[in-house]
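Trainee: fold the following and give me the result.
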Amino acid sequence: MTNKKKSNLLKPSTPAQPAQTYTRQNIYSVTNSDALPTKVLPEAKSVRGKRTSISCFQDTKNSLQALITIMDKKNVDEVVESLVDAYKDLMSDEELNEFRLIRKSLDKRTIKR
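Mentor: Down below sits the predicted model:
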């Protein structure tokens with residue numbers, strides 16, 4: 001029989017020490033800097049209505065993503081608005097009146113009552 005001392009792995013020999021400690025002074029102190037912090041404004045809710053999803057093929061999605069990158073836009077909505085505005089500029093007066101009439105009809109149909 002050997003007289004080896006049993007090691008207890010549940011009790012470490014040295015207590016664990018945190019890498020960094022915080023005090024009340026560290027947390028609540030204000031540091032003065034020359035540069036003013038930039039304010040992050042919350043994104044305003046759209047007054048344009050609720051978001052919808054439109055189904056399209058993967059190729060169309062990739063094309064839209066490429067246009068977002070090239071045109072330096074935030075999302076697909078901005079790209080499509082630019083494309084619609086450009087297309088409206090090419091329309092004749094008769095086509096533009098028809099577009100407005102259809103658009104007005106669709107707007108009335110989608111308004112919540």
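Trainee: the residue lying closest to residue 74 once chain neighbours are set aside: how many residues sit nearby?
Mentor: Closest residue to residue 74 apart from its sequence neighbours, by Cβ to Cβ, 6 or more residues apart in numbering: residue 68 at 7.8 Å. No exception for glycine: its C-beta is placed from N, CA and C like everyone else's. Other residues within reach of residue 68, judged by other Cβ atoms under 10 Å, total 16.
Trainee: could I get the contacting residues of residue 68?
Mentor: 74, 75, 76, 78, 79 (Cβ atoms under 8 Å, 6 or more residues apart in numbering).
Trainee: can you tell me which of those residues is closest to residue 91?
Mentor: Nearest to residue 91 out of the contacts of residue 68 is residue 79 (Cβ to Cβ; 19.1 Å).
Trainee: centre of the chain versus the helix or strand harbouring the closest one, how much separation?
Mentor: In the assignment (DSSP states H and E), residue 79 maps to helix 76-90. Centroid separation between helix 76-90 and its chain, computed with Cα atoms, centre = their mean, to the nearest Å, is 22 Å.
Trainee: how about that helix: buried residues?
Mentor: If you call a residue buried by 16 or more other Cβ atoms under 10 Å, then helix 76-90 has these buried ones: residue 79.
Trainee: name the next helix or strand downstream of it, please.
Mentor: Downstream of helix 76-90 (by DSSP H and E), the next one is helix 93-110.
Trainee: where's residue 76 relative to residue 17, distance?
Mentor: With distances taken as Cβ to Cβ, to the nearest Å, residue 76 is found 51 Å from residue 17.
Trainee: what's the answer for residue 91, then?
Mentor: From residue 91 to residue 17 the distance is 73 Å (Cβ to Cβ).
Trainee: what about the two, which has more around it?
Mentor: Between residue 91 and residue 17, counted using other Cβ under 10 Å, residue 91 has the larger neighbour count: 12 against 6.
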